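**Student:** following is a predicted model, sequence given first.
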Amino acid sequence: MKKLKNLTILFILTTLFVVVGSPSPGVLASPEAVAPNLGSAASFVGLAFSTLTNTGSGVFVGNVGAKTGGTSVTGFPPGTVINGTIYMGGPVPTKALADATTAYNALVNQVCNVHLTGQNLGGMILTPGVYCFDTSAQLTGNLVLDALGNPNAVWVFQIGSTLTTAPIGSSVAVIHGGNPLKVFWQVGSSATIDTTTEFIGNILAYTSITLNAGASLIGRALALNGAVTLDTHGSPITNPPPIITNTLLFLFYYMPIIKR
């Protein structure tokens, strides 16, 4: 009986190892990811160290700004800010960038559950956990994040250098009760979300963040040492919340952020 029990345990462990270690679409991680405290950066949907440039009539629900002063934030209008303020330098964006940097470092220091270096995120189904790329990460196609029924599920992606998405047909979505604001992308250099990509989560990039025409983001774009560049021409309409009905680039759930 004891031998049979040991064999059963060994079989279960072997099965889990195969799921985690293989490049198959479904990847099961340990739910050890922790959402960092964004501090005052949580009120920003777009925040840059140098400049934040918007082109097009995108709607931004929350603060936007840059640490440098002068004309460091441009494109409003035609862009529109709802439930937020535009900051061109001053103590508010400076403090927010400091808080974002603290959050970035907290993401870096989390223990990696699954190594995905060399694999494309497209076609994967990932459960909550910490996923890491030693160098660059690429998304071509659809990435599904399965919360397994846990509304507090957290995903952390540690990316050593760049994050890029393919220009046509790429997307990230959460299912089974997941919250897009509990997805965190720690990018070692720059992130480029290419044309028509439907992206979610908090992007914390060490250098810069670019969203090309037709891309959309439910989350935040926080560039610690560079620029945020946004082309909101042709950005698609997104559903939540329903009060936003015109051309949309950035959208976050304002009340959950304030309550966090």
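**Tutor:** That came through, no problem.

**Student:** below-threshold pLDDT in this structure: ranges please.
**Tutor:** The model of the chain has pLDDT under 70 over residues 1-31, 234-260.

**Student:** hey, where'd the helices end up in it?
**Tutor:** Counting by DSSP state H, the chain has helices at residues 2-21, 91-108, 254-259.

**Student:** partner residues bridging W185?
**Tutor:** For W185, the beta-bridge partners under DSSP bridges are F157, I203.

**Student:** what's around it, how many residues?
**Tutor:** For W185, the count of nearby residues is 27 (other Cβ atoms under 10 Å). Heads up, the C-betas are built off the backbone N, CA and C, glycines and all.

**Student:** can you check G90 too?
**Tutor:** Residues near G90, counting by other Cβ under 10 Å: 12.

**Student:** which residues touch stretch 173-183?
**Tutor:** Residues outside stretch 173-183 that contact it (Cβ atoms under 8 Å, 6 or more residues apart in numbering): 35, 142-155, 157, 172, 198, 200-202, 218-219, 252-253, 256-257.

**Student:** and those, which of them are buried?
**Tutor:** Neighbour-count burial (16 or more other Cβ atoms under 10 Å) applied to the contacts of stretch 173-183 gives 35, 142-147, 150, 153-155, 157, 172, 198, 200-202, 218-219, 252, 257.

**Student:** just the residues you listed: which are in strands?
**Tutor:** If you go by DSSP state E, these have 142-146, 155, 157, 172, 198, 200-202, 218-219 in strands.

**Student:** would TSV of these with distance to C132 be doable?
**Tutor:** Shown next, in TSV, are those (distance: Cβ to Cβ, whole Å):
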residue	distance to C132
N142	21
L143	15
V144	19
L145	16
D146	19
W155	12
F157	8
V172	17
E198	24
I200	19
G201	15
N202	17
I218	23
G219	20
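
**Student:** now for those: which two are most distant?
**Tutor:** Within those, N142 and N202 form the most distant pair, 19.8 Å apart (Cβ to Cβ).

**Student:** tell me how far stretch 133-142 is from the chain's mean position?
**Tutor:** Offset of stretch 133-142 from its chain centre (Cα atoms, centre = their mean, to the nearest Å): 13 Å.

**Student:** start and end of it, how far apart?
**Tutor:** Stretch 133-142 stretches 18 Å from its first residue to its last (Cα to Cα, to the nearest Å).

**Student:** same deal with stretch 112-124?
**Tutor:** End-to-end distance of stretch 112-124 (Cα to Cα): 17 Å.

**Student:** list the buried residues for it?
**Tutor:** Neighbour-count burial for stretch 112-124 flags C112, N113, V114, L116, Q119, L121, G122, G123, M124 (criterion: 16+ other Cβ under 10 Å).

**Student:** stretch 168-184 too?
**Tutor:** Residues of stretch 168-184 classed as buried by neighbour count (16+ other Cβ under 10 Å): S170, S171, V172, V174, G178, N179, P180, L181, K182, V183, F184.

**Student:** okay, the residues you listed in JSON lines with distance to T232 next?
**Tutor:** Shown next, in JSON lines, are the buried residues of stretch 168-184 (distance: Cβ to Cβ, whole Å):
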{"residue": "S170", "distance to T232": "18"}
{"residue": "S171", "distance to T232": "18"}
{"residue": "V172", "distance to T232": "19"}
{"residue": "V174", "distance to T232": "23"}
{"residue": "G178", "distance to T232": "26"}
{"residue": "N179", "distance to T232": "24"}
{"residue": "P180", "distance to T232": "19"}
{"residue": "L181", "distance to T232": "20"}
{"residue": "K182", "distance to T232": "25"}
{"residue": "V183", "distance to T232": "21"}
{"residue": "F184", "distance to T232": "23"}
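
**Student:** fine, thanks again, bye for now.
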